[in-house]
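# what shape does this take:
(2 chains)
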Amino acid sequence: MNQRKYTNSVQELIRNLESVFSNQASASASYSKEALISRIDDVIFKQRGDWISSQQALTPLEELELIDELGLYLQEQKHEYVRYRIFEALFSMARETALEYRRDILSKLVSLAIVSKSSATLECAALWMKSTEKSHVVHLVLSLVTDYCVLQQNGASDLKACIDFSPRFCCIFLIALTSHYTMMSSEKCKEGGIIVDDLKDWPCLRLLDIVQHWLLKDPAICYCTATQMDKLWRTVIKATHSLPDSLSLTPLDGLASWCVKTPFAPMSLLAPVITTDECAENLTYSELHSRMHYGFLKVLLASKPALKAIAKGSVLGNPDLQLWSKQQAHALVGDLMSLCNHSDAIPLSGSADELAVDRFSQISQIAMSMRVLNCTKDQFQSLSDPLPKTRLLEIVAYGPNRRSSIDETPMEISTNY
Amino acid sequence: MPVPSNPIVDGTMKTKQSHTTSKLGPQQMVHWFVASSYASGSFTEERVRNSVALLHRVPAARNAVLHRFTMLFEDAVRSHLDHIEFQSTAPGISPEIASSLELVVNTLFELLEQSGKAWATILCNWSVEALGQVSSCSKQRQTVPPPGNLGHLLSFWLNVVPMRMLLDVYRTCLKILIENSPQSCVDSLLKASASHSPHFDWVVADVGSAFPDAIVERVLYTGFSKFCKLRWTPMSLQPSASITMNENEQTILTSVTRVLEHLFLFHPSKVCNKIVDMFKTPPSGKSSSHIKVTLYLMNLFSVSPVLLPATTEMFVDLIDATRLNNLYKQFQKLNRSPEEIANLSSLVVHLVCKSSSGSAKLISFLLATTCSKPTGKLQGMDKGVCSVFSKIVSLLMDDLKHMALKEKNETSNVFTEISANYEEYCNNLLISCSTSRKTWWYDLLLVICFYKSYANSVLSYILTEANTHSHLEIFLQFYNDVAPVTPDLLDSVLQKSFQSLPKLSTDKALSLLTNINSLCAWDEAKVPSEGFKTRLIKKLLLVIDDIVLMVCKLPIKKHCAKLCVDILYQIMSTTSTCDLGLGTRLLPLTQSLVYYFYYLLHTGHKNNDAAMQSCHRVLVQLTQTPETFSVVCRLLLEASVTQEDNSVLFGKRIEPELDENEMSEIQAGRKVNLLALHQKAKAKSIFKSSLSNGFVPVSVEAGRIGVGPKKKKKCPISQESQSSNNECLSLLLYRCSCKTSGNINLNSFTIPDVRQTFDSDKLLHLADCIISTITVSSPQLATTITLDGDTEWPSCNTRKLTIERDLQIFYFLDEHPFVWQLLFLIAHNHCAFNKVSSIIRSCMSVLLSHYESDRYQTPLPETSLHYQVATKVMQLLGKGKLVPEPLCFVGQFFHQISPFEVSVLLTTVWNFIKEHPSDAEQSSENQREFKLENINLQPFLTVVHHVLHANITNLGYLFSTYMVTK
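Sure thing, here's the model as predicted:
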């Protein structure tokens, strides 16, 4: 039957690829690497080169078989290098042919890997994400988010579980998330006569839940790309280092900005509640954010091993690598200023402005003390100068002794504080 | 049907029944699903349940599971259709499948309920694709109605339960999408419609009816955004998400149109309004969106023969100068290349050619835009817009012309539409001052003319409406342009014109005839018309009967008659008699002209009136030959006497002369006292005349004794007009009798009264006519002519026997003075005069009796009737060569001698005529020469000498005249 024929041809091609990658010295193989790769689109994805007749040739069932087969194969392939090379041969975004379709199949493959806890596939995917152009990565991530956070009722638990068998995937996933959801736009836009909040820059509630779960469960997750940099990763990343729009090494910058910007979340996000696995109570968006903020602070505190690894030069051979650079902090301050309602005045107590500035102060304080943010006192003072002044920021920037401008505020506010 | 081929898989499946599936890992579930999908085509509830579980558990398997569901629905529909087709042998949908279907649908609804927003998009796409696929699969089934019958198809599918379920799912999804994210809700609908039409159209119709507004709007807007992306985004930047690879402008437009056209069937106003709304308020506030929308809609219309006509008028109403200016600015920003403008222009042209209802309005609008100083809602239009439109219009005209020439025999809506308005275009063409606009109108009319049989209508309309010389020039030009492609054009134009003539108002009819007339008289030297005039007159011959009829159509169109007469003249003056077909046409033609002539007299026209002149002219033209002259003469003269109202014109006395007393007495019915009347008359005569003293006789009419005195009658027409009428008729006949020598100058009133001027043959005919006229005027006169009609003069005393009849002739001549004129005319030809000599004889006989019986010594006054007749008779006799000189001059002194002496002279003349009759054999060409006849005048002149002697004091000077020198 068709089933056999198709899976057989897929298996055969993969075997051929395997033999090419595993033993490059023996060129006796009947297929050259290039010839094989060029057959991939034809045999596996059944995509012809021409654009006019190009139609989805795989039935949904065949797709399912294909990703199942691939998942099994990657799981069984013990040689890490060969595994990734085959993965890359199939899904490299550098090859233009049938690009979108292969990307869709990849999304499904990763999606299946998550639910079937296939760490091999996820590891390959993590490296693929790190070494591929950002737009493709974001596409993959969004597709996963749709699958597990939007469509599936209990899908979040599957994603949360990933941390147990592929922390690197989680880390890259975080990076991609934070780079996509910038939390910047909160303006209203008109759609079909109804005014709705523009939510495309904001992560959904479930996603936030997953992120805070990961951070709290294992703060080191954010550094695993740096600390677990093996030979394969180093080779691949070095090869694709020049890629113009790739993901950063750690999610620190993104997470920091998430923590700081959360108070400005649009109203429609704030109302719904979610029941998480850990505690029975319902959590709102801002509560989840507080948890995430707490988690992030713990992440900063756990930065020692990563800094050590960097200092050793084992991460991409660059000892000067900054986990959270001054420029990034500067950009965050800029974003914050544009988000604050009254950037020059002293924020009201309990307002979003105050909360955001306070969080920024806390993060900066810890980051500076952990040497994640390499910044002198003076530099920080000038950095935070344009921000609305809160007590905490004053303390962080100038120390507790400086007589702050807050004191001059009216009596009841200062007494409240 | 696939058969179970893998018992092992089947076996494993059976062992892992429902209680185990939920405990399986995701990967195993996938394996299990794949295996069961291949295992067998039939669906068990178990497998479906497992599929549902997989759908819940593994997101990556979603598509496969949904695909499986599609198969399930397809299977169910197939069983259902089988059941309908082969009632007994096919069981229909099995309970297992039914419950599976229910399970699936419940699951889907559950998902939609839980997280509707997320699932709606996916399920919407899936359900609509499934609907399309199932519809397509069943298209060849006998039971399924053909796609043409949409209503039938719709009701059929709605009765099929699985389809119903699918449709419910789709509707629910659509509802959720319309509420939440309306942007993309119809993408899948469009796609499915594109790939499964027309078997899918019922779905479109159904959801269209369910959410008409939203669907129409979304279909429009989705199409628009795709269109924009394809057209205005550079290839490299094209976002791949919303546009699949095999979509291009054409497919998008086609699918949008298809859906809209279906919706249009049920909600025409909604569809139209949405389209117009889209134009009014274009989506997204970008600066160039307006022009984009416009281009999009135009492209849409170019593929839809349904939507375009429905909305054309709405758009035309909507567009004004500001909008056009705005669009133009945006267009300039958007497109730089001249090719783009050319493309746009050709698109516009294409649309106009395609539009049907409202296309006339559209074209008028386009033409209005080319106006250099637009008014109304186009006021303030940009010059650039104007120039663009000029280009468009010129292109349009070219295209229309080609189309018109090409599709000569096909029915095309745009032509039907514009053809209906040709009158308006003609008016515009004639009125418009701007040259360029004139050209457009002209071209448009050309198009109409090229198309089918409108050429004659258009030309005849222009002919009717033309007022000035330049209008006629337009007409000529138009004719020259159209004639090469239209056979027998002039023919049909004239026919059309004359057919419509009776229906036209007087003004229009007048102007039509004026124009034809002036075309006939076209000065080819000034404006060359390539022999048009000759052709026109040739063709006019074909409608000559209509023209003649028009002449008779008095007094409804009295002004037209004159023009018709003019046209007739034009025709006659340039056509040979043979071509005129006078053989059959002469009589009606003459009748109507005569009728017209008397009409003119009745309405008080005089000799020098233009109408009268033209009438004369045409009659003169007609009487070129003696034969026609005879007919015309006869009709003219007979009409003057046989019809009482005509004879009144010349002085026939019909009304009784009554004074007031008499009137009142007659009215009171009183008997009249003769004695009283006598006394009254006497009293009157005392003052009047000193001659009548004593008894004054009162004449009493025979048979009316006791009723009153004999009533004198009078003519109701004034003396002045009587004489003018007489003058007119006689002048006409004089003119007609002239020798035909080409041109007749009507302006010269004087016709030289010499013999050579007149055609002797005509005079002979005229004489016959006069005789016959007198004959038909009354039975008494007829006997006068017939009984005593010999040309021999008897002894004058014998005439006493016929005095009564002679008197009638005498009074006839008195009442018809023109006959005297004619007699003078006839006298030029003595043969002809011989024929009418019986009339003269009667007059002389009366005169003899009168003068003989008069006992007064004093001569009769010059004003008396008898004196005048006597002089006329003498002149006639002299002129007609019945009496030689100097005997014929005796009339000169009748007023100076006593009545008896007059009677003596008259008797002498009579005797002369009696003794020297005119030779009837003699040729009419030669004058009678008395000298050659060797006549002895002496005995007759002796009588004259005696009379002269008796009155020697007065008449002595005349003596020498009557001396005969031998």
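# ok, the residue of chain A found nearest chain B - contacts?
Closest approach between chain A and chain B, counting by Cβ to the nearest Cβ: A:Asp147, at 3.5 Å. Where you see a C-beta, it was placed from the backbone N, CA and C, and this is true even at glycine. Residues in contact with A:Asp147 (Cβ atoms under 8 Å, 6 or more residues apart in numbering or on different chains) are A:Ser111, A:Gly155, B:Pro59, B:Ala60, B:Arg62.
# between those, identify the one with the most neighbours.
B:Ala60 (28 neighbours; other Cβ atoms under 10 Å in any protein chain shown).
# which pLDDT value goes with it?
Looking at B:Ala60, its pLDDT is 85.
# and it, that's in a helix?
Yes. Counting by DSSP: H, G, I helix; E, B strand; the rest coil, B:Ala60 falls inside a helix.
# in chain A, what helix or strand scores lowest on average pLDDT?
Least confident helix or strand of chain A, by mean pLDDT, DSSP states H and E, is helix A:411-416 with a mean of 37.
# and chain B, what are its domains?
Per the record, chain B has its domains at B:1-82, B:115-210, B:454-575, B:666-711, B:773-962, by automatic domain parsing.
# for B:Leu297, find the nearest of those domains.
domain B:115-210 (16.5 Å; Cβ to Cβ).
# quick one, strands of chain A?
A:188-191, A:194-197, A:273-275, A:282-284 (DSSP state E).
# what about the last one, average pLDDT?
Just to be clear, that refers to strand A:282-284. The model assigns strand A:282-284 a mean pLDDT of 72.
# stretch A:83-102 too?
pLDDT averaged over stretch A:83-102 gives 84.
# likewise stretch B:123-141?
Mean pLDDT, computed over stretch B:123-141, is 84.
# ditto for stretch B:906-915
Rounded mean pLDDT across stretch B:906-915 is 87.
# do the same with stretch B:82-94
Mean per-residue pLDDT for stretch B:82-94: 79.
# neighbours of A:Val357, how many?
26.
# what distance do you get for the closest residue to B:Ala521 other than its chain neighbours to chain A?
Distances taken as Cβ to Cβ, 6 or more residues apart in numbering or on different chains put B:Gln570 closest to B:Ala521, at 6.3 Å, once the chain neighbours are dropped. B:Gln570 is 73 Å from chain A, where distance means Cβ to the nearest Cβ, to the nearest Å.
# do the same with B:Pro26
Counting by Cβ to the nearest Cβ, the gap from B:Pro26 to chain A is 4 Å.
# residues contacting that residue?
By Cβ under 8 Å, 6+ apart, the neighbours of B:Pro26 are A:Leu112, A:Val115, A:Ser116, B:Arg57, B:Val58.
# neighbour-wise, give me the winner out of the residues you listed.
Highest count within the contacts of B:Pro26 by other Cβ under 10 Å belongs to B:Val58, 27 neighbours.
# thought that one was touching A:Leu109?
No. Assessed by Cβ atoms under 8 Å, B:Val58 is found out of contact with A:Leu109, at 12.0 Å.
# residue of chain B nearest chain A, please.
Using Cβ to the nearest Cβ, the single residue of chain B nearest to chain A is B:Pro59, 3.5 Å away.
# in this structure that residue contacts A:Leu151, no?
Yes. B:Pro59 is within contact range of A:Leu151, at 6.1 Å (criterion: Cβ under 8 Å).
# which stretches of chain B form strands?
So, for chain B - with DSSP E - the strands run B:655-656, B:713-714.
# can you pull out the helices in the stretch 851-966 of chain B?
For the stretch 851-966 of chain B, applying DSSP state H, counting those that start in this stretch gives helices covering B:865-879, B:899-915, B:930-933, B:938-950, B:952-955.
# repeat that for the stretch 401-550 of chain B.
Under DSSP H, counting those that start in this stretch, the stretch 401-550 of chain B gives helices at B:413-419, B:422-431, B:435-450, B:454-465, B:469-482, B:489-500, B:506-520, B:532-540, B:544-552.
# out of those helices, deepest packed?
Greatest average neighbour count among these goes to helix B:454-465 (a mean of 23), per mean count of other Cβ atoms under 10 Å in any protein chain shown.
# just checking, what packs against that helix?
Helix B:454-465 sits against helix B:422-431, helix B:435-450, helix B:469-482, helix B:489-500, helix B:506-520, with contacts defined as 3 or more Cβ pairs under 8 Å, 6 or more residues apart in numbering or on different chains; DSSP states H and E.
# now these in CSV, with mean pLDDT?
Shown next, in CSV, are the helices and strands packed on helix B:454-465 (pLDDT from 0 to 100):
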stretch, mean pLDDT
helix B:422-431, 75
helix B:435-450, 75
helix B:469-482, 77
helix B:489-500, 78
helix B:506-520, 78
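# isn't the residue nearest to B:Ala521 up against B:Cys520?
Yes. Judged on Cβ under 8 Å, B:Gln570 makes contact with B:Cys520 at a distance of 3.8 Å.
# any common contacting residues for those two?
With Cβ under 8 Å, 6+ apart as the test, B:Gln570 and B:Cys520 both reach B:Ile537, B:Leu540.
# picking up where we left off before, which of the strands of chain B has the lowest average pLDDT?
Of all the strands of chain B, the minimum mean pLDDT falls on strand B:655-656 (a mean of 67).
# residue 159: neighbour count?
Defaulting to chain A. A:Leu159 has 25 neighbours, counted by other Cβ under 10 Å.
# my question was about chain B, not that one.
Neighbour tally, B:Asn159, other Cβ under 10 Å: 11.
# just the pLDDT for it.
B:Asn159 is given a pLDDT of 85.
# same question for B:Lys682.
With respect to pLDDT, B:Lys682 has a value of 64.
# now swap in A:Leu13 and tell me
Per-residue confidence (pLDDT) for A:Leu13: 83.
# swap in B:Thr750?
Per-residue pLDDT puts B:Thr750 at 64.
# and B:Leu459, what does it touch?
Per Cβ under 8 Å, 6+ apart, neighbours of B:Leu459: B:Cys449, B:Phe475, B:Phe478, B:Tyr479, B:Val482, B:Leu489, B:Val493, B:Lys496.
# and it, how far from B:Thr281?
As for B:Leu459, its distance to B:Thr281 is 47 Å (criterion: Cβ to Cβ, to the nearest Å).
# any figure for the gap between the nearest residue to A:Ala156 once chain neighbours are set aside and A:Thr146?
In space, and not counting its chain neighbours, A:Ala156 is closest to A:Arg206: 4.8 Å by Cβ to Cβ, 6+ apart. Using Cβ to Cβ, we find A:Arg206 at a distance of 11 Å from A:Thr146.
# same thing with B:Thr222?
Separation of B:Thr222 from A:Thr146 (Cβ to Cβ) stands at 21 Å.
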